[in-house]
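Colleague: Kindly return the folded structure for what I paste below:
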Amino acid sequence: MPRSRKNLPEQAEEMIIKTEYSELMQKSYIDYAMSVIIARALPDVRDGLKPVQRRVLYDMNELGIRSDRPYRKSARIVGDTMGKYHPHGDSSIYDSLVVMAQDFKKALPLVDGHGNFGNIEGDGAAAMRYTEARLEKITEDTLLADLDKDIVDFVPNFDETETEPSVLPARIPHFLINGSEGIAVGMATSTPTHNPGEVIDAQIALLDDPDLTTRELMRYLPGPDFPTGAVITNQNDLESIYETGQGRIRIRGLVETEKGKSGHINLVVTQIPYTMIGSGIAKFLTDVAALSESRLTSDIVDISNQSSKEGIRIVIELKKDADVEHFKSLLFKKTRLEDTFGVNMLAIRNGRPETLGLKDILQANIDFQFELATRKYTTLLKKEQEKREIQEGLIRAVNVIDLIIEIVRGSRDRNMAKRCLVEGVTDGILFKQKHSAVMASQLHFTEAQANAILNLQLYKLSGLELNTLIKEHEQTVANIYKYEDILEQRSSMAGVIRADLIRYKKEFSRPRRTLITQQEEAVVIEKPVDEIDVTFLMDRFGYAKTIEMAAYERNKESVDADNRFVFTCKNTGRVCIFTDTGNLYTVKVSDLPMAKPKDKGKPIDNISGFDTTKESVIYVTSQSSLNLYRILFCTKNGMIKLVDGGEFDVTRKTVAATTLSEGDLLVSVQALTGQGSIALATKNGYFIRFPSEDVPMKKKAAIGVRGIRLSKDDEVEAVYLIDAAQTNVISFHDREIDLGRLKLAARDGKGSKK
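Modeller: I've put the predicted structure just below:
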């Protein structure tokens, strides 16, 4: 049991911190948000990588899974990365590995995948135990090279048992080349991919002239270059996007025209918008089929997806007399074949998330290149200086090799010999000649030189080895001069960076895939539809369709028997659907499939949008019919009213048709076509009949008046309209009842048991 506060020791009481709860929550949330932003979701502008991507690539490098070595199991890479650097679950690591290997998502894939790594149509990659991977050469050259030269900072991993680079030494702007997508807390990044050669050209131009404007940089980098190709149609907006780092790019798929069989015309989609990667292709095929079903076009003969590893090929076969340009506009307007890519070039710069323009991104990478080059050549210079010190010591030692041999032979141990070489101390050393001690006291080698001399192998004293040593020393001196010049002269360092960029462009550039144009947004002028009468059908399962009037007349008996609702309406009109929750849903007749009497149709809830788990259809009719009559509403609690049908002449898809009391439901909605009487039947077998004139006219928002008094466990089950001119025998609870023989009573009575 926990102890009470009064029993706590005095020291424990002093540890209790009093704070405002809201302040604590605010601080905790900010800490969480920054952790997600910095350490998970957003890329660093310097290397264009999120932490999980950086860790995967670094781990593969550490495991030696390089481009010139065999593939290794993805599960091995994922497990090692998770155990050493990224303890956030294997799925995020493997997903990151997969994306970096997909050439339809990345302009320059960073991982060479072997096996099923998914496809452009949305099929996922195989499990990590089946696939294999290794690094791409570009990753080794432009992201992982020179890590051993103290070129970037290393930080402890999550449990401080390993170290990892805080950023990879990216030599080209991967943030622009491969783009990035990620959702953080309160912010998101969405950067399009670009052509590697164009990005490098723009970076070289800015390196040469830091005063270039965004417009001038766009001479080298005109716009995004998506792996899927397609066409950018709003070229005039690109300058603003690159200036601010935000905007929308309109992308249109590439459609070609071919001659088909029997004189038909084939439209072939060979490139798709980048936003259609994945399930977007299947959705596109469905949307194209829907154009025909919704009668927006009657030109489609067939659709087939003939895409393969060679590329996208979606064939739409059209009729001989089809208006091709109009159909193309219809595709661009009504499907995702024309789509927008939202640009928000958000990245981490100097430890903070920032939205960056094109020049900002390139300049950040140039600054990073100078930082990398400074650290690299500082390390190399230090190593060359150390090498020169040793080489000079060895060359000097060769010239007095007899004296050194005499010192070594006369010393009791290595330390005595080393002390003599460094400090000139000759005490205790046995020399063969007296003047040797004097010469030995004047040597004064450095400690590093002394160690190298004492480790010298005898074969190094040969003339050939001595010449080699002298040549190496000359090369070392030349390197030192070169590195000092690079570090001291910014122009020299810029020249080195430029040379590297030119080499990378030559090795890794490729032709542009995405065309950039300025075109108006697709406009569809819908052809006028000839207004005709059609028959609406809906079966008891809720599947709805329309059929031609002639087809209905030929199959009237079977159609009436198979369907719950059957009525005539205009093909340009609307259908009204009333549900037991008091809602009215309207559907365009043109949205319903035009079918044959035996065809299944479409679920009406898919077209209208009501929830079949929460409400049920009780009445369906055409909107034009409602305008002609008064509409009778009755609920299970016995509330009844009449509403002018004109109140339901609305264009909104969903409106409240009536107001219900809590727990009440509609049991009947019917059109009152003339004068007569109304009968209500209850669950317990009570019937009441009263004149229709007793039911008042109300607004649709009204609850209504009571039609019958119910006992506690009773409710209205059915409502009947009685016409004296017709037979009114109904079947109720397996009994036949003649409604015409019910005694006419006043509304709001108890009724009689039958």
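Colleague: where exactly do the helices run in the stretch 551-700 of the chain?
Modeller: 556-562, 604-608, 623-626 (DSSP state H, counting those that start in this stretch).
Colleague: so which of those helices comes closest to Glu520?
Modeller: helix 604-608 (31.8 Å; CB to CB). For the C-beta atoms, the positions are set from N, CA and C on the backbone; glycine is no exception.
Colleague: what pLDDT does Glu121 get?
Modeller: Note on Glu121: pLDDT of 86.
Colleague: err, Ser441, not the other one
Modeller: Value for Ser441, per-residue pLDDT: 81.
Colleague: Could you find the closest non-adjacent residue to it?
Modeller: Gly424 (4.1 Å; CB to CB, 6 or more residues apart in numbering).
Colleague: The helices of the stretch 551-700 of the chain into CSV, with extra columns for mean neighbour count?
Modeller: Putting the helices of the stretch 551-700 of the chain into CSV (neighbours: other CB atoms under 10 Å) gives the following:
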stretch, mean neighbour count
helix 556-562, 12
helix 604-608, 19
helix 623-626, 19
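Colleague: Can you say which of those helices is nearest to Ala681?
Modeller: Using CB to CB, the nearest of the helices of the stretch 551-700 of the chain to Ala681 is helix 556-562, at 23.8 Å.
Colleague: secondary structure element for the residue nearest to Asp90 when sequence neighbours are not counted?
Modeller: The spatially closest residue to Asp90, leaving aside those adjacent along the chain, is Val78, at 5.1 Å (CB to CB, 6+ apart). Per DSSP states H and E, Val78 falls inside helix 74-84.
Colleague: before we move on, what about Glu164?
Modeller: With DSSP H and E as criterion, Glu164 is part of strand 163-165.
Colleague: which residues sit against that strand?
Modeller: Arg54, Arg55, Tyr58, Lys84, Tyr85, Leu147, Val152, Asp153, Phe154, Val155, Pro156, Asn157 (CB atoms under 8 Å, 6 or more residues apart in numbering).
Colleague: go again using 10 Å as the cut-off
Modeller: 47, 51, 54-55, 57-59, 61-62, 84-86, 143-144, 147, 151-158 (CB atoms under 10 Å, 6 or more residues apart in numbering).
Colleague: Buried subset of those residues as a PyMOL selection?
Modeller: Applying 16 or more other CB atoms under 10 Å to the contacts of strand 163-165, the buried members can be selected in PyMOL as follows:
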select buried, resi 47+51+54+55+57+58+59+61+62+84+85+86+143+144+147+151+152+157
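Colleague: Quick check: which element contains the spatially most central residue of the chain?
Modeller: The centroid of the chain falls nearest to Glu181 when counting by CA atoms, centre = their mean (6.2 Å). Using DSSP H and E, Glu181 maps to strand 180-183.
Colleague: That strand packs against which elements?
Modeller: strand 188-191, strand 346-349 (3 or more CB pairs under 10 Å, 6 or more residues apart in numbering; DSSP states H and E).
Colleague: and the ones you listed as a markdown table, adding mean pLDDT?
Modeller: Shown next, in a markdown table, are the helices and strands packed on strand 180-183 (pLDDT from 0 to 100):
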| stretch | mean pLDDT |
| --- | --- |
| strand 188-191 | 88 |
| strand 346-349 | 91 |
